[in-house]
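Visitor: I would like the atomic coordinates for the input below:
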Amino acid sequence: MMTPKGTTTRFYARFSVGLSAAVFVIALVLAAAPARAADNLFRVTLLGTGTPVPSPVRFGSSTLVEAGSQKLLFDFGRGVTIRLAQLKIPFGAINAHFLTHFHSDHINGLPDLWLTGWLRPPYGQRNHPMTIFGPPGLVKLTRGLTEAFTRDIEIRREDEKDPEAGIAFDVHEKPPGPMYEADGVKVSSFLNDHGPLVTPSYGYKIEYAGHTVVLSGDTRYSAEVVRQAKGADVLVHCVTVIPDELLQKNPAYKAIYLHLASPEAAGRVFAEARPKLAVYSHIGLNGGATEAVLIASTRTAYDGPLQVGRDLMAINVGDNPAVVDSPDMNKDKK
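Guide: Coordinates of the predicted model:
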């Protein structure tokens, strides 16, 4: 049967419109896919897993938590800017920063992060005040840094025209409890036990999309860490190993054991809290102690899933938390 010419034209016109609409819808779906992936992201990256010991493989204590649209940074140990640069994360892209306590190995990277993040190259690009949360004393710390680097700030402001807002601090000193909430992400702090003189000392709980990450902070055995971490998806806990011979030769190491959890004490925390995945960071392997010794000592108290952290180890948080990236940077296991 012959089809009238006008009918054919109308058919192809309708077909073209329908095809264009379909292509448009597909384009929208594809464009939205990365956004949805970002919305579902909940990842912990151990930027620095070390202690005050200068180490080329274990940088100072720092942990990045990415949840949905939020990039959150906890503690600022030696080398934090280098690790962020390795991940190609501009320092200005961090939404909020959190401090656990005022020991130098947790803050000696802060001036670098603050000042370098103000610069204009792609690694910096902070155009807004640096938002930072933590215990009382934080205002004094940030005021002191601003005074110490006054001349550098004056020079760069005039010479490089760096924006005034980018070098300001937005400080939130808060007692234990709710600290931060944005785009479905909740951060709360709690008191751990870093010894009677190191107060306040915070741990942090991060909640997103029905899942929970707990960062113990620096602590010895703490019933509050256990309480906060009950049933958590991921618990990141500090640990230190000091062989008996070293304690006998250098009694100063006894003070460390009065402030930080041994593998047996940390194992007890894991056994009582029962997280889906227990992870070690802020790892002190002293006097030739090895990861094998650390694991064996932990297993005297805990038999569940366990990871010994490495710098830049990334962990996806969910129903089955899993390490997704673990570069072999610690070949000497120290």
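
Visitor: show the contacting residues for the spatially closest residue to Ser69 that is not a sequence neighbour.
Guide: Spatially, and ignoring its direct neighbours in sequence, Ser69 is nearest to Asp183 (4.7 Å; Cβ to Cβ, 6 or more residues apart in numbering). No exception for glycine: its C-beta is placed from N, CA and C like everyone else's. Contacts for Asp183 (Cβ atoms under 8 Å, 6 or more residues apart in numbering) come out as Gly68, Ser69, Gln70.

Visitor: just the residues you listed: which are in strands?
Guide: Of the contacts of Asp183, the ones assigned to strands by DSSP state E are Gln70.

Visitor: show me just the buried residues among the contacts of Asp183.
Guide: For the contacts of Asp183, a burial check counting by 16 or more other Cβ atoms under 10 Å picks out Gly68, Gln70.

Visitor: so which of the contacts of Asp183 comes closest to Thr240?
Guide: Gln70 (30.8 Å; Cβ to Cβ).

Visitor: quick one, what contacts the closest one?
Guide: Shown in contact with Gln70 (Cβ under 8 Å, 6+ apart): Asn95, Ala96, Ala182, Asp183, Val185.

Visitor: so which strand or helix has Leu84?
Guide: helix 80-86 (DSSP states H and E).

Visitor: what's the closest non-adjacent residue to Leu258?
Guide: Per Cβ to Cβ, 6+ apart, closest to Leu258 is Gly195, 5.7 Å.

Visitor: so that neighbour makes contact with His259?
Guide: Yes - when contacts are counted by Cβ atoms under 8 Å, Gly195 is listed as touching His259 (4.3 Å).

Visitor: intersection of neighbour lists for those two?
Guide: Arg220.

Visitor: give me the more crowded residue out of the two.
Guide: Neighbours per residue (other Cβ atoms under 10 Å) separate Gly195 from His259, with His259 holding more: 19 against 15.

Visitor: let me see the backbone angles for that one.
Guide: In terms of degrees, to the nearest 10, the main-chain angles of His259 are phi -120, psi -20.

Visitor: residues contacting it?
Guide: His259 touches His194, Gly195, Val198, Asp218, Arg220, counting by Cβ under 8 Å, 6+ apart.

Visitor: pick out the most distant pair among those.
Guide: Pairwise over the contacts of His259, using Cβ to Cβ, the maximum falls at Val198 and Arg220, 10.3 Å.

Visitor: who has more neighbours, the two?
Guide: Under the criterion of other Cβ under 10 Å, the comparison of Val198 against Arg220 puts Arg220 first, with 21 against 15.

Visitor: thinking again about what came up before, next secondary structure after the helix holding Leu84?
Guide: With DSSP H and E, the next secondary element past helix 80-86 is strand 96-98.

Visitor: hmm, who's touching that next one?
Guide: By Cβ under 8 Å, 6+ apart, strand 96-98 touches 70, 72-76, 113, 130-134, 179-180, 182, 187, 189, 204.
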